[in-house]
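Visitor: Quick one, structure for this:
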Amino acid sequence: MKRTISNLALGALLAGGLALASLAAAAGWAPSGPVKLQIGFGAGGETDTMGRAIAQAMEQQTGWDVIAENKPGGGGVAMFTGVSAAPADGTVIGMGVSMPILINLVLRGDKLPFKLDSFTYLATVSRAQVAIIAKADAPYSTMAELIAYSKGKGGVPVAFDAKPQELILRAINKSHAAGFRPVASKSSAEMVQNVLGGHVAASFAAGVHIPYIQKGDIKMLASANDGRHSYAPDTPTLREQGYDLFVDPWFYFAAPAGLPADARDALAQALDAAIKSPKVRELVANALRNEVVNLGPDGTTKMMNAGIGGVKVLFGK
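Guide: Numbers count the residues shown, from 1 in each chain. Prediction:
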């Protein structure tokens, strides 16, 4: 019986591997040469780690030669500038984060060499879950209570580590006279420590805070995303609490505009299989404290178009 089970399991694994390897063939397309998967950030970060794991999985599953390349600069602007000008033949794709690109398009789109429609969108990996947190014993548990507390104190410091987060604080100051004093930080880890040490009244955080919530040291005031977090389904979003503001940093893939349909479909299928591989799922769980979420070509296109509107709100445009 044990041998039968083992043989069945082995057969299933082999069949799964053959099915993955035949994805490109099923789509009727294969690259004319190596596929360059360009990553818009430097080596060692979350985007780089996930991008390289996805490139490796694609290569193993399709038999293509997939080369991961770091192209840092401008939060992905430098990399996507190159991608937009590359041949639309499926041999160059880029991996970036949506918010830096959307912010640049809103603030200086007339100066960028690409537009939103300069790309063929292929896939997403996941969304960074951004929270607003406070120390567990703080005398406020919602954004309204934090604003009231801040007004009563003549203003309180609130930490951030990304421009969109600062924009949320300034927008709430403008609309509700909250008196928040934005405090620039280097990372979520630094912000969490400042919350625990009482150096700030609240802060943003993107995953590092979750163990502290589980231990009861920190509480979550709101989701700063356009949806609740998987680990805190009972905590409402800023929008649900009456503040029409959100940030949704998606990790996504795009190729040059004009990519033929067969190439788009083959790349999208290959990316989907790689993104859903056990290694990438584990990386996303550890790095983002979230699950893999691939919106696919149509969903990724809709996400980017909707994101422009959300960023315009942050800037009051």
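Visitor: out of everything not next to it in sequence, what's closest to residue 235?
Guide: Leaving aside its sequence neighbours, residue 235 sits nearest to residue 220 (C-beta to C-beta, 6 or more residues apart in numbering; 4.8 Å). Every residue, glycine included, has its C-beta placed from N, CA and C.
Visitor: The one you found - that's part of a strand, no?
Guide: Yes - Residue 220 sits within a strand when classified using DSSP: H, G, I helix; E, B strand; the rest coil.
Visitor: Check the burial of it by counting its neighbours.
Guide: By other C-beta atoms under 10 Å, 20 other residues sit near residue 220.
Visitor: Check whether it really touches residue 129, as I assumed.
Guide: No - Residue 220 is not in contact with residue 129 according to C-beta atoms under 8 Å; the separation is 10.2 Å.
Visitor: which residues are common contacts for these two?
Guide: Both residue 220 and residue 129 are contacted by residue 229, under the criterion C-beta atoms under 8 Å, 6 or more residues apart in numbering.
Visitor: Assign a three-state SS to residue 95, would you?
Guide: With three-state DSSP as the basis, residue 95 sits in strand.
Visitor: got the contact list for the residue nearest to it when sequence neighbours are not counted?
Guide: Once flanking residues are discounted, residue 95 sits nearest to residue 51: 4.6 Å by C-beta to C-beta, 6+ apart. Residues in contact with residue 51, defined by C-beta under 8 Å, 6+ apart, are 37, 39, 68, 95.
Visitor: part of a helix, is the first one?
Guide: Right, residue 37. No - Residue 37 is assigned strand when assessed by three-state DSSP, not a helix.
Visitor: give me the beta-bridge partners of it?
Guide: Counting by DSSP bridges, residue 37 forms beta bridges with residue 68, residue 93.
Visitor: burial count for it?
Guide: Residue 37 has 23 neighbours, counted by other C-beta under 10 Å.
Visitor: what's the answer for the one 4 residues further on, then?
Guide: Other residues near residue 41 come to 21 when the count uses other C-beta under 10 Å.
Visitor: for residue 111, same thing?
Guide: Residue 111, neighbours per other C-beta under 10 Å, totals 7.
Visitor: ok, so what distance separates it from residue 104?
Guide: Distance, residue 111 to residue 104, using C-beta to C-beta, to the nearest Å: 9 Å.
Visitor: go on, residue 113?
Guide: 11 Å.
Visitor: Tell me the buried residues in the longest strand anywhere in the chain?
Guide: Ranked by number of residues, the top strand in the chain under DSSP state E is strand 119-127. Applying a neighbour-count criterion of 16 or more other C-beta atoms under 10 Å, one finds 119, 120, 121, 122, 123, 124, 125, 126, 127 buried in strand 119-127.
Visitor: Over to stretch 288-295?
Guide: 288, 289, 290, 292, 293, 294, 295.
Visitor: Just give the nearest non-adjacent residue to residue 213, would you?
Guide: residue 220 (6.2 Å).
Visitor: ok so, going back, can you put the buried residues of strand 119-127 in a markdown table and add distance to residue 246 and pLDDT?
Guide: Output for the buried residues of strand 119-127, formatted as a markdown table (distance: C-beta to C-beta, whole Å; pLDDT from 0 to 100):
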| residue | distance to residue 246 | pLDDT |
| --- | --- | --- |
| 119 | 23 | 98 |
| 120 | 26 | 98 |
| 121 | 20 | 98 |
| 122 | 24 | 98 |
| 123 | 22 | 98 |
| 124 | 16 | 98 |
| 125 | 19 | 98 |
| 126 | 16 | 95 |
| 127 | 11 | 91 |
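Visitor: In terms of helices and strands, where is the residue nearest to residue 95?
Guide: Assigned by DSSP states H and E, residue 51 falls within helix 46-62.
Visitor: got the CA coordinates for that helix in CSV?
Guide: C-alpha atoms of helix 46-62 as CSV (Å, rounded to 0.1, in the frame of the first residue of the first chain):
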residue,chain,number,x,y,z
GLU,A,46,11.6,42.3,-1.2
THR,A,47,11.0,43.1,-4.8
ASP,A,48,14.3,41.7,-5.9
THR,A,49,13.9,38.5,-3.8
MET,A,50,10.5,37.8,-5.2
GLY,A,51,11.5,38.7,-8.8
ARG,A,52,14.4,36.4,-8.8
ALA,A,53,12.4,33.5,-7.3
ILE,A,54,9.7,34.0,-10.0
ALA,A,55,12.4,34.2,-12.8
GLN,A,56,13.9,30.9,-11.5
ALA,A,57,10.5,29.2,-11.3
MET,A,58,9.6,30.4,-14.8
GLU,A,59,12.8,29.0,-16.2
GLN,A,60,12.3,25.7,-14.5
GLN,A,61,8.7,25.3,-15.5
THR,A,62,8.9,26.5,-19.1
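Visitor: Just give me how far it sits from the chain centre.
Guide: Averaged C-alpha coordinates place helix 46-62 at 16 Å from its chain's average position (C-alpha atoms, centre = their mean, to the nearest Å).
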